[in-house]
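Colleague: show me how the following folds:
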Amino acid sequence: MDIQDKKIHGSSAITPPATPTSPSHFASGSTSDYCGPLNTLARQGSTASTASVPRSPSIHSHPVALQVFDHETLEYVILVDDKGKKRPIGSGVWSDVYLAAPSEPESVDQPFLLPPSATKSPPVSPRKSNDSAIGLYTFPAVPPLYAIKAPASTSSRKVLKEEAKILSYLSQFPDSDNHVVQFFGQDVRNDALVLKAMDGTLEDWIKKDLNNLDEDLRATKLAAVFPRLALALIDSLMWMQGKNCIHADIKPANVLTFRAPADLTSVPTIVYSDFSSTILIAPEIEVHNASPLGAGTWDYLDPSLLSSSAPAEPSAATDLWSLAITLLFLIIGASPFGAFRHNKYQQREMIKSGSPLQCLAYDDAGIKNVRKMKGLSKALGLDLHKWFAKVLVKDVSKRVDVAEWRYELERATTKVGSII
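Modeller: Sure, this is the predicted structure:
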């Protein structure tokens with residue numbers, strides 16, 4: 001069947017990040033007195049290791065049943081631009097992501113051809129990201145647009161096959177679409193993942209919806225949306241943990257957003273995406289972490305993963321650290337390590353130091369960061385510095401449990417009527 005191309009019209013739909021995403025860096029810093037311990041380290045030259053995060057061990061047991069996209073029942077058409085060319089809306093080490101429209105199957109079975117970039121070897125380091133997914137017991141409702149996550153090279157197919165297993169496993173749970181992006185199956189003709197196209201990422205939303213507001217308006221909007229966004233992210237993390245799933249690459253670019261067209265001013269619905277680094281720790285499941293680069297973007301990595309002598313394995317605790325850094329990004333609109341972005345070696349040393357709350361207060365921009373934290377703390381009736389410090393402590397044994405962390409936020413915000 002010939003899959004004809006269609007032109008991309010004025011749709012605002014975007015899909016999740018392609019695997020994996022590159023970190024975003026913003027100006028950050030302050031002269032606040034609680035960055036004192038960092039002053040000496042910040043001035044020193046850095047010898048940060050550039051080694052990738054260690055790979056997780058493969059789990060050998062009963063295989064996960066792969067969810068296959070039923071192209072004989074419903075087909076898709078890759079959208080093209082005004083020049084008739086397929087252009088990815090996201091590109092990464094392992095994949096290119098294209099928008100596609102549902103279509104009727106044709107009589108001749110011929111899968112769409114991958115773009116010329118698919119013949120190239122993936123780069124050594126991540127560039128960008130895009131991804132989207134969920135699956136159900138029966139063929140799910142057809143979305144307006146699909147996100148087709150196609151392998152960027154022959155070697156990328158293995159990574160997407162393992163990601164398809166993860167998504168197939170998570171999608172079997174009836175409430176999965178409340179927590180992870182909707183997955184319609186893997187297209188066995190080309191190994192692409194067929195996903196639901198979303199509006200964009202949490203990173204996009206922060207940059208466009210929050211950071212473009214003046215300081216007072218941003219503070220008001222942040223106070224209104226933070227409790228629900230934070231609790232939704234925590235709840236979905238707990239849901240994944242309950243399914244023996246370690247995401248291993250939580251960051252704003254791997255959280256997808258959606259808002260109904262008639263309600264564009266509301267708090268967006270959010271779900272996790274990009275499971276190329278995910279680990280399933282259930283003994284009855286067989287999934288191999290196929291990514292040779294391991295997991296994670298430096299700004300969001302737990303420092304225990306970066307030890308040169310005894311690096312830890314990704315775990316529920318390291319996922320919680322990454323989520324906490326993601327929530328800091330939401331509050332200050334930047335990476336807490338942004339003040340050191342001009343010197344990558346120094347920045348990595350600061351990340352390895354395990355002191356993000358001190359780092360966000362470093363240099364001139366840190367004055368604004370601290371003001372944002374204090375303003376939101378007052379609005380929520382919760383000392384956010386102390387709340388984050390219960391998770392963002394380098395010693396894993398001293399961190400609070402995710403359920404306790406969630407309870408403290410919910411209790412405080414409920415008192416001031418922040419949760420609707």
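
Colleague: gap between the two ends of stretch 250-259?
Modeller: 21 Å (CA to CA, to the nearest Å).

Colleague: as a whole number, average confidence for that stretch?
Modeller: For stretch 250-259, the mean pLDDT works out to 94.

Colleague: just how off-centre is that stretch within its chain?
Modeller: Chain-centre distance of stretch 250-259: 5 Å, with CA atoms, centre = their mean, to the nearest Å.

Colleague: same thing with stretch 345-352?
Modeller: 21 Å.

Colleague: how about it: buried residues?
Modeller: Using 16 or more other CB atoms under 10 Å as the test for burial, stretch 345-352 gives Q346, Q347, R348, E349, M350, I351, K352. Yep, even glycine has a C-beta here, placed from its N, CA and C like the rest.

Colleague: swap in stretch 147-158?
Modeller: A147, I148, K149, A150, P151, A152, S153, S156, R157, K158.

Colleague: equivalent analysis for stretch 194-213, please.
Modeller: In stretch 194-213, counting by 16+ other CB under 10 Å, buried: 194-207, 209-210.

Colleague: what is the end-to-end distance of that stretch?
Modeller: 35 Å.

Colleague: picking that back up, distance to G185 and secondary structure for the buried residues of stretch 345-352 - can I get that in JSON lines?
Modeller: Formatted as JSON lines, those follow (distance: CB to CB, whole Å; DSSP: H, G, I helix; E, B strand; the rest coil):
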{"residue": "Q346", "distance to G185": "45", "secondary structure": "helix"}
{"residue": "Q347", "distance to G185": "40", "secondary structure": "helix"}
{"residue": "R348", "distance to G185": "39", "secondary structure": "helix"}
{"residue": "E349", "distance to G185": "44", "secondary structure": "helix"}
{"residue": "M350", "distance to G185": "42", "secondary structure": "helix"}
{"residue": "I351", "distance to G185": "37", "secondary structure": "helix"}
{"residue": "K352", "distance to G185": "40", "secondary structure": "helix"}
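
Colleague: any idea which helix or strand comes after the worst-scoring helix or strand of the chain on mean pLDDT?
Modeller: Sorting the helices and strands of the chain by mean pLDDT, DSSP states H and E puts helix 39-43 at the bottom, at a mean of 40. Toward the C-terminus, helix 39-43 is succeeded by strand 75-80 as the next helix or strand (DSSP states H and E).

Colleague: in the stretch 51-200 of the chain, what spans have low per-residue confidence?
Modeller: 51-63, 107-140 (pLDDT under 70).

Colleague: how about the helices in it?
Modeller: 156-171 (DSSP state H, counting those that start in this stretch).

Colleague: in this protein, which spans are strands?
Modeller: 6-7, 75-80, 90-91, 95-103, 146-151, 183-187, 192-196, 200-201, 245-246, 255-258, 269-272, 279-280 (DSSP state E).

Colleague: what's the angle between the fourth one and strand 146-151?
Modeller: This points to strand 95-103. Angle, strand 95-103 to strand 146-151, by axes from the mean of the first three to the mean of the last three CA atoms, to 10 degrees: 140 degrees.

Colleague: gap between strand 95-103 and the chain center?
Modeller: Relative to where its chain is centred, strand 95-103 has its mean C-alpha point 19 Å off (CA atoms, centre = their mean).

Colleague: against which helices or strands is it packed?
Modeller: Judged by 3 or more CB pairs under 8 Å, 6 or more residues apart in numbering; DSSP states H and E, strand 95-103 is in contact with strand 75-80, strand 90-91, strand 146-151, helix 156-171.

Colleague: 10 Å - rerun?
Modeller: strand 6-7, strand 75-80, strand 90-91, strand 146-151, helix 156-171, strand 192-196 (3 or more CB pairs under 10 Å, 6 or more residues apart in numbering; DSSP states H and E).

Colleague: next: the second one.
Modeller: Under the contact criterion of 3+ CB pairs under 10 Å, 6+ apart, strand 75-80 touches strand 6-7, strand 95-103, strand 146-151, strand 183-187, strand 192-196.

Colleague: where is the longest helix in this protein?
Modeller: Counting by DSSP state H, the longest helix found in the chain is helix 215-242.

Colleague: report the inter-axis angle for that helix versus helix 156-171.
Modeller: Using the same axes, to 10 degrees: helix 215-242 against helix 156-171 is 90 degrees.

Colleague: pull out the buried positions in helix 215-242.
Modeller: 218-219, 222-223, 225-230, 232-234, 236-241.

Colleague: and stretch 91-107, by the same measure?
Modeller: So for stretch 91-107, counting by 16+ other CB under 10 Å, buried means S91, G92, V93, W94, S95, D96, V97, Y98, L99, A100, A101.

Colleague: report the distance from it to the chain centre.
Modeller: On CA atoms, centre = their mean, the centre of stretch 91-107 falls 20 Å from that of its chain.

Colleague: now do stretch 230-250
Modeller: 11 Å.

Colleague: same deal with stretch 363-377?
Modeller: With CA atoms, centre = their mean, you get 25 Å for stretch 363-377.

Colleague: now swap in stretch 158-175 and tell me
Modeller: Here the centre of stretch 158-175 is set off from its chain's centre by 16 Å, with CA atoms, centre = their mean.

Colleague: can you redo the buried residues of stretch 91-107 as CSV with distance to E163?
Modeller: Listed next are the buried residues of stretch 91-107 as CSV, based on distance: CB to CB, whole Å:
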residue, distance to E163
S91, 16
G92, 12
V93, 13
W94, 8
S95, 9
D96, 14
V97, 13
Y98, 16
L99, 19
A100, 18
A101, 23
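
Colleague: next one: D363 from R218, what distance?
Modeller: Counting by CB to CB, to the nearest Å, the separation of D363 from R218 is 20 Å.

Colleague: and if you look at R189?
Modeller: 46 Å.

Colleague: how about E410?
Modeller: 24 Å.

Colleague: about what we covered before: dump the strands of the chain to JSON lines, plus distance to P311.
Modeller: Shown next, in JSON lines, are these (distance: least, CB to CB, whole Å):
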{"stretch": "strand 6-7", "distance to P311": "47"}
{"stretch": "strand 75-80", "distance to P311": "40"}
{"stretch": "strand 90-91", "distance to P311": "29"}
{"stretch": "strand 95-103", "distance to P311": "26"}
{"stretch": "strand 146-151", "distance to P311": "29"}
{"stretch": "strand 183-187", "distance to P311": "31"}
{"stretch": "strand 192-196", "distance to P311": "29"}
{"stretch": "strand 200-201", "distance to P311": "28"}
{"stretch": "strand 245-246", "distance to P311": "15"}
{"stretch": "strand 255-258", "distance to P311": "25"}
{"stretch": "strand 269-272", "distance to P311": "24"}
{"stretch": "strand 279-280", "distance to P311": "14"}
